[in-house]
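>>> I'll drop the sequence and a predicted model, then ask my questions.
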Amino acid sequence: MNTENTQFDFTIKSTCLDENYQPSDNTRITTNFANLARGRNRQENLRNALKMINNSFNALASWDNPSAERYSIELEIISVHLDIEGTGQAFPSIEVLKTNIIDHKTNERSEGIVGNNFSSYVRDYDFSVLLLNHNKDQPQFSVPDNFGELHGKLFKHFVNSPTYQENFNKPPVICLSVSDNKTYYRTENQHPVLGFEYEPNDTSLTEQYFKKMGLQVRYFMPANSVAPFAFYFFGDLLNDYTNLELISTISTMGTFQKIYRPEIYNANAAAGQCYQPNLKNQDHSLTQIVYDRGERSQLAIDQGRFAEEHFIKPYNIVLEQWSAQNFL
């Protein structure tokens, strides 16, 4: 393979995430929304989740919205494929969500935020194959050299690419759950939409991994939430996005986290001044949405092996050389 002329070409496919959505063959099955869209309850799951998102959005966007029905959210699944050889054979590298805001009072449709949920086959490989193999039979946990560097450079290359700039107006924001092995302390800083800011007592492997993707992190607990969220972003989170854009992310990811992490995000008691998430918390409520968390963990390993077989091993030389030449 001629590595000197290698081009990393990105293509984007958009799929509507509504109650009729069915995962494609290229969608990571571990992706939050894809897990909901399987089995005999798939349509009811999706319908209920979308209703929860809309209700949450209207509760947060309460001004000039007396009946709490002014807005609704439309979701797009953004699938990013990477073609290394220029042959049209592309690898499904990244998948995120894009929110769109419908204002039923003005009949206007505006873009929300792209990012929100974040899925990546290469990240599955890093955490579920490479990291596990590295620590097999090791007395003490450690991280491989250059862990996450290739993935980080690929992500930054995509965000800086003409493909991204042509399709999206603003940089992505990723919203994740907090870590159950850290303690978070509430500060005096309060944003009108994002709520109170929290600061962790320590960094984490996830933070370090996303930092290699070029992303900063801040933790906020919005109104009507019972635990803070991790917001990963470029630039200035508090000033680069409108209130409605931020609410679109909070309502979308807050809903998913209530489904997937009910012990934290659907707990019956809200986080206080000092907060340590607990996935064994019994004092929580369940949504009426079916979700298989155990299946999702196993599939992350399967999909990490898929990335190893179809991407890491076949393109190992060109990926190493490209990574060494790119200092983004």
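Yep, that arrived.
>>> just the strands from the stretch 1-150 of the chain, written as ranges.
Secondary structure of the stretch 1-150 of the chain by DSSP state E, counting those that start in this stretch: the strands cover 9-17, 71-83, 91-103, 108-120.
>>> what about the shortest one, average pLDDT?
Confidence for strand 9-17, expressed as mean pLDDT, is 90.
>>> got CSV for the strands of the stretch 1-150 of the chain, with mean neighbour count and distance to residue 56 too?
To be clear about C-beta, it is placed using only N, CA and C from the backbone, and glycine gets the same treatment. As requested, those are exported to CSV (neighbours: other Cβ atoms under 10 Å; distance: least, Cβ to Cβ, whole Å):
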stretch, mean neighbour count, distance to residue 56
strand 9-17, 15, 16
strand 71-83, 20, 9
strand 91-103, 21, 12
strand 108-120, 21, 13
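>>> with distance to residue 316 added, can I get those in JSON lines?
What follows is those, written out as JSON lines (distance: least, Cβ to Cβ, whole Å):
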{"stretch": "strand 9-17", "distance to residue 316": "19"}
{"stretch": "strand 71-83", "distance to residue 316": "15"}
{"stretch": "strand 91-103", "distance to residue 316": "13"}
{"stretch": "strand 108-120", "distance to residue 316": "18"}
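>>> do you know which of those strands lies nearest residue 310?
Of all those, strand 91-103 sits nearest to residue 310, with 6.5 Å by Cβ to Cβ.
>>> now for that closest one, which elements pack on it?
Packed against strand 91-103 by the contact rule (3 or more Cβ pairs under 8 Å, 6 or more residues apart in numbering; DSSP states H and E) you find strand 9-17, strand 71-83, strand 108-120, helix 121-125, helix 149-159, helix 243-260.
>>> mind listing what's buried in stretch 155-170?
Of the residues in stretch 155-170, those scored as buried under the neighbour-count criterion (16 or more other Cβ atoms under 10 Å) are 155-159, 164, 168, 170.
>>> for it, C-alpha coordinates in CSV please.
Coordinates of each C-alpha in stretch 155-170 appear next as CSV, following Å, rounded to 0.1, in the frame of the first residue of the first chain:
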residue,chain,number,x,y,z
PHE,A,155,-11.6,12.3,15.5
LYS,A,156,-9.9,15.7,15.3
HIS,A,157,-9.2,15.0,11.6
PHE,A,158,-12.9,14.5,11.1
VAL,A,159,-14.0,17.6,13.0
ASN,A,160,-11.5,19.7,11.0
SER,A,161,-12.4,18.1,7.7
PRO,A,162,-14.3,19.9,4.9
THR,A,163,-17.0,17.1,5.3
TYR,A,164,-17.7,18.2,8.9
GLN,A,165,-17.6,22.0,8.1
GLU,A,166,-20.0,21.5,5.2
ASN,A,167,-22.6,19.6,7.3
PHE,A,168,-22.5,21.2,10.7
ASN,A,169,-22.4,24.8,11.9
LYS,A,170,-20.8,24.3,15.3
